[in-house]
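Student: kindly generate the corresponding structure for this input.
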Amino acid sequence: MRISLRISLRFTRRRAVDLLRVAAALCC
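Tutor: Numbers count the residues shown, from 1 in each chain. Model prediction:
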């Protein structure tokens with residue numbers, strides 16, 4: 001279960017980075 005949590009955290013981090021990139025592109 002710990003491994004799955006780590007993988008999910010990695011995916012969420014990737015999604016957060018993608019959202020930040022999109023927000024930056026829209027703002028700038």
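Student: helices of the protein, residue ranges please.
Tutor: Using DSSP state H, the helices assigned to the chain run over residues 2-27.
Student: residues near Ser8, how many?
Tutor: Around Ser8 there are 10 other residues, counting by other Cβ atoms under 10 Å. Just so you know, the C-beta spots here come from the backbone N, C-alpha and C atoms, and that holds for glycine as well.
Student: do the same with Arg14
Tutor: Counted with other Cβ under 10 Å, the neighbours of Arg14 add up to 10.
Student: so how far is Met1 from it?
Tutor: Relative to Met1, Arg14 is positioned 21 Å away (Cβ to Cβ, to the nearest Å).
Student: kindly report the same for Leu20.
Tutor: Relative to Met1, Leu20 is positioned 28 Å away (Cβ to Cβ).
Student: again, but for Ala16
Tutor: For Ala16, the distance to Met1 - Cβ to Cβ - is 22 Å.
Student: okay, the two: which has more neighbours?
Tutor: It is Ala16, of Ala16 and Met1, that has more neighbours when counted by other Cβ under 10 Å, with 10 against 5.
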